[in-house]
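# Predicted coordinates and the sequence they were generated for:
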Amino acid sequence: MGWSIAEVARMSGVTSRTLRHYDEIGLLVPAYIGSSGHRHYEEAELLRLQQVLLMRELGLGLREIAAVLASQAAGTPVTGAAVQAEVDAHYRGICRMWTPSAGAFKALGTTYVEDAQWRGAYDRIAEGLAVYQRDAMAVYAEAQLS
């Protein structure tokens, strides 16, 4: 079945123009293009769009997002600036409500894996994301907060 670009734009809150741009740069390629030339998306593309939008909200640029997604697809760990930026944005977001110590930030990351509800929420975005988040938060806490 699938969803048209207009339906995906309406559901996700991004414009059709943004979706076309994501296609042009290879970030979110539609499942298929209909005979009329319209883009159509299926569940896998909607899940990828969720990942893109989450990383955008965390402050990552499109190049960094592309690197993260490419690393996930290749099964290689993400390193460097993309991880640093993602976890730093996550920490800053938490600090709007509470400033955790290094130990508390690491414990929060552990909660993302051990709590079924949190793990489910992360893993709906991408399988293994909860574990990735926990590990990235632990490294960040050691390097930046200790």
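Ah, there it is.
# now residue 96: how far from residue 90?
Distance check for residue 96 against residue 90: by C-beta to C-beta, to the nearest Å, it reads 11 Å. Backbone N, C-alpha and C define where each C-beta goes, glycine included.
# More neighbours: which of the two?
Taking neighbours as other C-beta atoms under 10 Å, residue 96 and residue 90 compare with residue 90 leading, 19 against 7.
# Residue 58 is in contact with that one, correct?
Yes - contact criterion C-beta atoms under 8 Å: residue 90 and residue 58 qualify, at 6.1 Å.
# Let me see the residues that make contact with stretch 120-134.
The contact list for stretch 120-134, computed with C-beta atoms under 8 Å, 6 or more residues apart in numbering, reads 47, 50-51, 54, 72, 78, 90, 109-110, 112-113, 118-119.
# Can you redo these as CSV, where the extra columns are pLDDT, secondary structure and distance to residue 125?
Converted to CSV, the contacts of stretch 120-134 look like this (pLDDT from 0 to 100; DSSP: H, G, I helix; E, B strand; the rest coil; distance: C-beta to C-beta, whole Å):
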residue, pLDDT, secondary structure, distance to residue 125
47, 81, helix, 7
50, 83, helix, 5
51, 81, helix, 6
54, 78, helix, 6
72, 66, helix, 11
78, 51, coil, 14
90, 81, helix, 13
109, 88, helix, 15
110, 91, helix, 18
112, 87, helix, 11
113, 88, helix, 14
118, 85, helix, 12
119, 85, helix, 11
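# Please indicate which of the residues you listed are buried?
Among the contacts of stretch 120-134, those scoring as buried are 51, 54, 72, 78, 90, 109, 112-113, 118-119 (criterion: 16 or more other C-beta atoms under 10 Å).
# so which of those residues would you say is closest to residue 62?
For the buried ones among the contacts of stretch 120-134, the residue nearest residue 62 by C-beta to C-beta is residue 51; the value is 12.6 Å.
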